[in-house]
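Provided below for reference: sequence and predicted model.
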Amino acid sequence: MKKITIYLMIFTLVFLSSVPTTSAKQNIQPYQTYTYETMKEDLKDLDKLYGDLVEVYTIGKTPYGRDLYLVKLGYGKANAFYNGSHHAREWITTTLNMKMIDTYAKSYQTDTSLGGYAVKDLLHKTTIWFVPMVNPDGVALQQKGLNAFPSSVHKELLAMNDGSNNFKRWKANAQGIDLNRQYPVGWETASKSHPDPHWKNYKGTKPFEAEEAKVMRDITHILNPDLSLAYHTAGRVLYWNFGVDQGDLARDRAISQKYSTLAGYRMVHTNSGAGYTDWINGVFDKPGITPELGTYVGETEVTPDQFSEIWRRNKHAGLAMAAEASNVSSNNTNVKDRREPLYVDEAVKDALLPHSSAPLYKQAQKAQGQLNLSLEQTVELYSWYQKCGNSCSVKDAELKEILGDVRGFSDMKSKSNVKQDHAWTITFETDVHRDSIDKENIYILNDQNQRVSAERFEVNENQVVIRPPKGNYQSGKTYTLYVKDVEGLDGKVMKTPVQMSFTIR
Ligand SMILES: [Zn+2]
């Protein structure tokens, strides 16, 4: 017997080591310590492998320059949002997020069902969004210790770790802020908070103080998820209710029960406050659940040998929750996909470019509203803001990619000393189609980039006359006239949109 066992083991080892060269290669390797670098590589692969089914965005940076990633999976109108590794030592939750992305995407591609869920149909109804690693600085510190950080901060990190060189128990980000105590619902009264930056439980001086929490705030507002899951590791329980409204209680309980049944996790009420899903429960009035994936292992990491059990319990639950998100969202109306070209006049520029005062998500949402952007475009716009900051320009090639067909106006020579009641006459090369002349094709903006309603248009063969607005133009002010998409009687549409500014005497 002994001999056979040894023989089998050797055979298995040889077989395993040859796997990566075959086409049956797994895209995610979950039975290892899952690092920030591994995730980064794997995300690149998944993005390539699954076309536009899987999209990967950078949505911000940690204080030590590590990227925060958002992943889109699916094409649905409903939005489910899953995230992992708020807590550094709980990085196995990142492994789970990554395994879900890969498995569900593969199931979509091969049109197979998983746990009774037709994945293709499901991902046509619901888009699942992931932030697989909310706290990459903390994860790096927990896994690699001081080596992953510049020597200038070693003293500070050691102090927050009570002088110990062993960072295995670390939960916080690298500023010693507990990222799951950074959300405003229940923050004031959050229990057991450490008084200053520490390896665990320090809630910071105010909600959303940590950059990572700020990004989570922003992206949650933009996605406005129908259902959220924040993965943690300790104790095989589901926290599901932190002050859920009476009216949402039955819905949220039923959804949590579904997860509980599939994963075998016990449902418990949350009592600490300031956590991500507490905020979801309290502010968004949508289900927000915190599944604790593994057995309680004390003040340290849950190791990869627990992963197969974690996966067995959660792989169908992830799909069940995506299905629930679609039920929750069925009474929501969502923004449509933008397909028409976008003409960038001064007002559009104003809507597109970030201004320093307001939070970036508000600006992305403002642009979404004004320009009728799709959710994906809005996410991309936010990602672009995070990258270019104060130097964002509408000339950036990236913006054209985000918005699709972006068109600028070409300048005509400006006019000065114009009379207050001046009527402009535009002459075209050919006779124009009367129906193609309206306030979307020809319009005037004032120096505040607001529309000035022209009194009326007169169309005569190849000429359009624009009468001045009621009460005329204001003396000394500058206006800009925009002309685009005018159609000739021969069916041809003007190729280059034009703009002309003029100053009133
Ligand atoms: Zn946790």
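Thanks, I have the structure now.

distance of Val464 from the ion?
Counting by CB to the ion, to the nearest Å, the separation of Val464 from the ion is 65 Å. The way it works is simple: take the backbone N, C-alpha and C, and place the C-beta from them, glycine included.

my read: that residue touches Arg456, true?
No: applying CB atoms under 8 Å, one finds Val464 not in contact with Arg456, separated by 10.7 Å.

the two: which has the busier surroundings?
Neighbours were counted for Val464 and for Arg456 using other CB atoms under 10 Å; Val464 has more, 21 against 8.

burial of Ser326, as a residue count?
If we define neighbours as other CB under 10 Å, then Ser326 has 22 of them.

and for Asp396?
15.

which phi and psi does it have?
phi -60, psi 130 (degrees, to the nearest 10).

nearest residue to it in space, please, no chain neighbours.
Cys388 (6.6 Å; CB to CB, 6 or more residues apart in numbering).

how about the strands in the stretch 101-250 of the chain?
113-114, 117-118, 126-131, 227-230, 232-234, 237-241 (DSSP state E, counting those that start in this stretch).

likewise the stretch 251-400 of the chain?
Going by DSSP E, counting those that start in this stretch, the stretch 251-400 of the chain shows strands at 266-269, 288-294, 342-344.

highest mean neighbour count out of those?
strand 288-294 (a mean of 25; mean count of other CB atoms under 10 Å).

check contacts around the residue in the stretch 201-350 of the chain that the ion sits nearest to.
Among the residues of the stretch 201-350 of the chain, His232 lies closest to the ion, at 3.3 Å counting by CB to the ion. Neighbouring residues of His232 by CB atoms under 8 Å, 6 or more residues apart in numbering: His86, His87, Glu90, Thr93, Asn180, Thr290, Pro291, Glu292, Leu293.

state the distance from Lys77 to Lys125.
7 Å (CB to CB, to the nearest Å).

just to revisit the earlier point, which of the strands of the stretch 251-400 of the chain has the lowest mean pLDDT?
Note on the strands of the stretch 251-400 of the chain: strand 342-344 shows the lowest mean pLDDT, a mean of 90.

list the helices and strands that strand packs on?
Applying 3 or more CB pairs under 8 Å, 6 or more residues apart in numbering; DSSP states H and E, we find strand 342-344 packed against strand 406-408.

burial count for the spatially closest residue to Gly288 that is not a sequence neighbour?
Excluding the flanking residues, the one nearest Gly288 by CB to CB, 6+ apart is Ile280, at 2.9 Å. Using other CB under 10 Å, Ile280 is surrounded by 26 other residues.

pull out the buried residues from stretch 213-223.
Across stretch 213-223, burial judged by 16 or more other CB atoms under 10 Å covers Ala213, Lys214, Val215, Met216, Arg217, Asp218, Ile219, Thr220, His221, Ile222, Leu223.

do the same with stretch 439-459
Quick answer for stretch 439-459 (16+ other CB under 10 Å): Asn441, Ile442, Tyr443, Ile444, Leu445, Asn446, Val452, Ala454, Phe457, Val459.

report the contact partners of the fourth one.
Read that as Ile444. Ile444 touches Arg451, Val452, Ala454, Ile466, Pro469, Tyr479, Thr480, Leu481, Tyr482, counting by CB under 8 Å, 6+ apart.

so for those, which is the shakiest by pLDDT?
Across those, the smallest pLDDT goes to Ala454, namely 68.

what sits against the closest residue to Ala78 other than its chain neighbours?
Counting by CB to CB, 6+ apart, Ser329 is the residue found nearest to Ala78 once chain neighbours are left out, at 3.7 Å. Residues near Ser329 by CB under 8 Å, 6+ apart: Lys77, Ala78, Asn79, Thr126, Asp226.

again with Lys99
Contacts for Lys99 (CB under 8 Å, 6+ apart) come out as Ile28, Pro30, Trp311, Lys315.

what segments of this structure are helices?
Ranges of helices in the chain, per DSSP state H, are 2-18, 36-49, 92-109, 119-125, 136-144, 154-160, 211-223, 246-263, 276-279, 307-329, 346-352, 360-371, 375-388, 397-403.

closest one to Trp240 among the ones you listed?
Closest to Trp240 of the helices of the chain, according to CB to CB: helix 246-263, at 3.9 Å.

tell me what angle the closest one forms with strand 237-241.
Angle, helix 246-263 to strand 237-241, by axes from the mean of the first three to the mean of the last three CA atoms, to 10 degrees: 170 degrees.

how much space between the residue nearest to Ala78 and Tyr108?
Ser329 is 19 Å from Tyr108, by CB to CB.

what sits against Lys362?
His221.

measure the closest residue to Lys419 other than its chain neighbours to the ion for me?
Leaving aside its sequence neighbours, Lys419 sits nearest to Arg505 (CB to CB, 6+ apart; 6.6 Å). Applying CB to the ion, the value for Arg505 to the ion is 68 Å.
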